[in-house]
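Asker: 3D model of this:
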Amino acid sequence: MRNDLQALVDEVAAVLGAPATLEDRDFGLLAFCAHGSSDGAAGDDLTALDAVRTRSILSRGSAPAIRRWFEEFGIAGATGPLRTPADPDTGVLTRLLLPVRHEGRPVGYLWLLDGGRTDPAARDDPALAAALALTAEIARLLAHRSADDDLGGILAGALAGSPVARDRAVRALASRLGEQTPLALVALRVPGAEDRRLPPAGAAVSGDGRLALAVTLSRPDDLRPAGDRAATALAGLPRDSSAGISAVHRGPWRLAEQEAQARAAARVASAVPVFSPVARWDELGGWRLAAALPAPDPAVLPLLADRVLAETATAYLDAAGSVARTAEALHLHRQTLYYRLGRITALTGLDLADGDTRLLVHASLRRAALP
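Answerer: Residues are numbered from 1 along each chain as shown. Coordinates of the predicted model:
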């Protein structure tokens, strides 16, 4: 969605030869293009001169006073191109506004710093006509996003808040998605809490910035739509982001359980290359147990402090205690491997020949590998 909006804004800027800025109905910045002319010179000059546009880009939106100033010119009710005047006292240049409306409803504003070149009433202007056609496509995308965001808001309520609010949101989801529709939850893990990019359409955003998506399926045994949705969402997120897909249940009645599964799968996907970048809960195997642990067992902490011995223990346990396969995987002589296994027992007091101990150590080693 974000990439599509940016491409359309770039096209409008090129068609009209002017820097362009796309904002939503609340004046939140969605996309901008600094260069309108082919060489970029005119666009750079105008962008540098307009202090309001600069502040809007830096703060990702316009201040309330600026919003009120523009609304005085009737932008909220505009159904066609509109020219707003310059205001030298505040550093505002004249703008061409292309209202972004879908089915008669305003969904955003597309601003062009064209220096007053385009006549908004000149409907026979081919450049203006092309820009308006592109604006209609922007409106369609924003309208669909708005509908998805409404769903994301309901999902957020179902995953957080008071028990009463959750119950109300779950019932709203059931009404909207179907009481028995197969449903999977996708959790997205984004590294760096400082990232403030536009979340994927339809995402539930929790108070701590966690992202989740509800995906309806045509069949309970076909998770491809959830995988496709996860891949699409990750394409618009920072590198090293990961996703997890929960088990499938009919209707939204077990969302809390599905969220825990999806978030655990996303953590595994972020740490284990074989599962990256999208992991499914039903394919995690023993990693489910590791993800459920609050922390590695204290008895394993001395082992974790020695990287070589920890890697040796991991390889040995991954190979189900096979000395031959472990030595081959680590490119070690068997006597060297026996020596390291002895050091592990001496260091921790744990005997890896014991089944219960193997389970404890293996799960703890895997838990330590997870974020």
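Asker: and the next element down the chain from the longest helix seen in the chain?
Answerer: Using DSSP state H, we find that the single longest helix of the chain is helix 126-159. Using DSSP states H and E, the next helix or strand after helix 126-159 towards the C-terminus is helix 163-177.
Asker: listing partners with orientation, what would you give for the helix or strand following that next one?
Answerer: Downstream of helix 163-177, the first helix or strand assigned by DSSP H and E is strand 182-189. According to DSSP bridges, strand 182-189 forms sheet pairs with strand 211-216 (antiparallel), strand 242-245 (antiparallel), strand 249-250 (antiparallel).
Asker: picking that back up, so the longest helix of the chain versus helix 163-177, what angle?
Answerer: On the basis of axes from the mean of the first three to the mean of the last three C-alpha atoms, to 10 degrees, helix 126-159 is oriented at 130 degrees to helix 163-177.
Asker: packing partners for helix 126-159?
Answerer: Helices and strands touching helix 126-159, by 3 or more C-beta pairs under 8 Å, 6 or more residues apart in numbering; DSSP states H and E, are helix 2-16, strand 95-102, strand 105-112, helix 163-177, strand 204-205, strand 211-216, helix 255-271. Quick note: C-beta positions are derived from backbone N, CA and C, even for glycine.
Asker: and those: which comes nearest residue 305?
Answerer: Residue 305 lies closest to helix 255-271 among the helices and strands packed on helix 126-159, at 19.1 Å (C-beta to C-beta).
Asker: show residues contacting that closest one.
Answerer: By C-beta atoms under 8 Å, 6 or more residues apart in numbering, the residues outside helix 255-271 that reach it are 155, 158-159, 170, 173, 183-189, 191, 210, 212, 214, 240, 242-247, 249, 275-281, 284, 287-288, 290-292, 369-371.
Asker: and the helices and strands packed on helix 126-159, which one averages the lowest pLDDT?
Answerer: Of all the helices and strands packed on helix 126-159, the segment with the smallest mean pLDDT is strand 204-205, scoring a mean of 84.
Asker: and that one, what does it pack against?
Answerer: Identification of packing neighbours for strand 204-205 by 3+ C-beta pairs under 8 Å, 6+ apart yields helix 126-159, strand 211-216.
Asker: if we use 6 Å, what do you get?
Answerer: helix 126-159 (3 or more C-beta pairs under 6 Å, 6 or more residues apart in numbering; DSSP states H and E).
Asker: which of the residues in stretch 160-168 are buried?
Answerer: For stretch 160-168, the neighbour count (16 or more other C-beta atoms under 10 Å) marks 160, 166 as buried.
Asker: with adjacent residues omitted, what lies nearest to residue 96?
Answerer: residue 112 (4.2 Å; C-beta to C-beta, 6 or more residues apart in numbering).
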